[in-house]
Structure formats: structure tokens, C-alpha cells
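kindly generate the corresponding structure for this input.
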Amino acid sequence: MSRLRRSIRLMLILLAGLTAALFLVALGIIAKAEWDASTSVPGQTPKSFKIVSAPVAGASAPVLILLHGAGLNGHMWDPVLRHLDARYRVIALDLPGHGSRRDEEFSLEAAAATVAAAARSVTPASVVLVGDSLGGYAAMAAASSLPPEQLRGMVLAGCSANFDFLRSLKYLKDVVAIRIMGVFIDESTFVSRALASLGMNDQDGRTIIAAGVSVRAVPSSTRNLLNVDFREKLAAIDRPVLIVNGSLDERAMGQEASFKAAARQATSYHFENTPHGVSMRRSPEFATLINDFAAQVFAATGANRP
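Presented below is the predicted three-dimensional model:
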């Protein structure tokens, strides 16, 4: 009986080793295929950024830089924009690999360069970074690239969790699922239904799709988040941070405490009975959180004064 157990144990070890090897090979092949499909230069940044200014926001008014989720674009923030304080200017940019830049390759370095370029475009105005999901990770990656006197704080939603080995396995599953979906389902139809499930109205959904969506960007973006400790990035920033999660977002909620402990000045807020994607599911309330946070951090430097 003991010999049989040893044989079974050996088979399981060999199977685990084979699975790990196949995983590493597949990850390398997929990464190379996605990289080769890109015709742009990694880290490339646009030459200008569209600034949305309310009538009362002057040229020196403080700026909110809004960073969208994976597969979407800057228009994801349209429902939030309608409720933001008129004292602020807003940049809702497209991250590399998304929207107007979906022919590029996403990387954290390229995303950080994009955010830093957006901040430089409004120098010396004070800035708050706001990111949901992928946008939150991009904000954490970019924060150290902004001058300390310009960055006043960050609002981070749905991103208080690192991507570990188990998440890597889900990444492979997502790649396969998206490849299959691409054969049988129209991407715009799929995205339209997904946006509707998040509470997005038809007009906003059409605007997002028209501005460029890419389901394939989701696993590609996820690959760039694997095995990165974002708590270290958060710990390096001595600025106020508001961590926002839906109470039903199990992955983000599960590691939230460690992210909050890593940050030097952190508070948190939970949308009860809400899954991942709080900025889209609860847009008016999310805008209120941004307004309140921005008012506090900008007031500390006098940036709210006309």
C-alpha cells in the first residue's frame, strides 16, 4: 500500500511540474505573440491631452487625472464627469493599448509615462490621480514619476490586491476564453451588454464603444500586473490616498487591509452590496467621493482658491 502511495505521490509531483512548465511556456508564447502584434514603440506617449474645464475653472485650476479600467477608454468616466466639482479641470486619458491608443502595447512603464506626461502638460497645477481597476494600478505605478509638489493625492478603486500565481492561471484561462469569444461573438455586442450590466446607459455605452474598446486588452494588461507588489509602490508615496472598494469585490477586499497599512496616509470607503467596478456602478456617489477628497487635499495647499 505504501508503494502505491509513493507512486501516486510521484505522479502528482510530475504532473504539477509538467503543468508549471506548460504554464511558463504558454505565458512566454502569449507574451511574445501579443508583443509582436504591436506596431508602436513601448512607452510612447501622446503629444497632447484633452482637458475638460468647467466654466468657472481657470487655466491654473487644479486637475483631476482619471484613469480607466482594462479594455475601455477615457469615456468610461463620462457618467462621473457630470457630477464633478466645477472648480476642477479634468483629464480622462486613454492608457496605452486602449481607446485611441489600442494599436500600442500596454505596460506599466508606458502607462506611468503617459500619466506623468499628462501631469507635465498642466504644470504647475496641483493634481489628484483617480483610477479604477487597471487605472488604479497605473496610478500607483505613475505616482513616483510626478513631482511631489504637484501630486496632492490619489483615489484608488478596485485595485487593493496584488496579482499572484493563482491570478496567473486565471490570466491563461481569460486568454483562451477571449480567443474563443472572438470567433463566435461580435466584440461590440459583447462590450455593450457588459456595460449595460454595470448600469451604463445606452448613450454612454455607445460613446465608449465608438471611442475604441478592446476585450483582448484585458488579459494583455493583466499580464503586466503579475508578480508586482503594488504595496511597495504605494508605500513610496507620502500623499493622502483614498482606497475605495465594493463590499462584494472579494479579491480587492481580501487584501485591502495590507494596502491600507502600506500607505503612509490612507483612508478607505466601501460601497455596500457592490461588486468590482464601483465608478461605473455608482457614478454619482463615486463623483462625490472624488469631490470631497479633492477639496480636502487641494485646500491644504491653497489650490482651491480662485
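
how about residue 273, what does it touch?
Residue 273 makes contact with 246, 247, 248 under the criterion Cβ atoms under 8 Å, 6 or more residues apart in numbering. (Glycine included, C-beta is placed from N, CA and C.)

now do residue 61
When contacts are counted by Cβ under 8 Å, 6+ apart, residue 61 touches 53, 87, 88, 89, 125.

phi, psi of it?
Phi and psi for residue 61, reported as degrees, to the nearest 10, are phi -60, psi 150.

how about the one 3 residues further on?
Here the main-chain torsion angles of residue 64 (degrees, to the nearest 10) amount to phi -100, psi 120.

what is the burial count for it?
Residue 64 has 25 neighbouring residues, counting by other Cβ atoms under 10 Å.

same thing with residue 281?
Residue 281 is flanked by 18 other residues according to other Cβ under 10 Å.

which one is residue 214 nearest to, not counting chain neighbours?
Computed as Cβ to Cβ, 6 or more residues apart in numbering, the closest residue to residue 214 that is not its neighbour in sequence is residue 102, at 4.8 Å.

gap between that neighbour and residue 250?
Relative to residue 250, residue 102 is positioned 29 Å away (Cβ to Cβ, to the nearest Å).

which one's more surrounded, the two?
Under the neighbour definition other Cβ under 10 Å, residue 102 and residue 250 were set side by side, and residue 102 has more, 20 against 12.

which residues of the protein fall in helices?
If DSSP state H is used as the criterion, the helices of the chain fall at 2-36, 78-81, 108-120, 134-142, 165-184, 187-197, 202-210, 217-223, 230-235, 250-262, 278-281, 283-299.

between those helices, which gets the lowest average pLDDT?
In terms of average pLDDT, helix 2-36 trails the rest of the helices of the chain, at a mean of 39.

doesn't residue 203 make contact with residue 192?
No: contact status for residue 192 versus residue 203: not in contact, 11.7 Å apart, counting by Cβ atoms under 8 Å.

more neighbours: the two, which one.
Comparing residue 192 with residue 203 by neighbour count (other Cβ under 10 Å), the higher total belongs to residue 192, at 18 against 9.

please name the nearest non-neighbouring residue to that one.
residue 205 (5.5 Å).

state whether the one you found and residue 197 are indeed in contact, as I suppose.
No: if you go by Cβ under 8 Å, residue 205 and residue 197 don't touch, sitting 10.5 Å apart.
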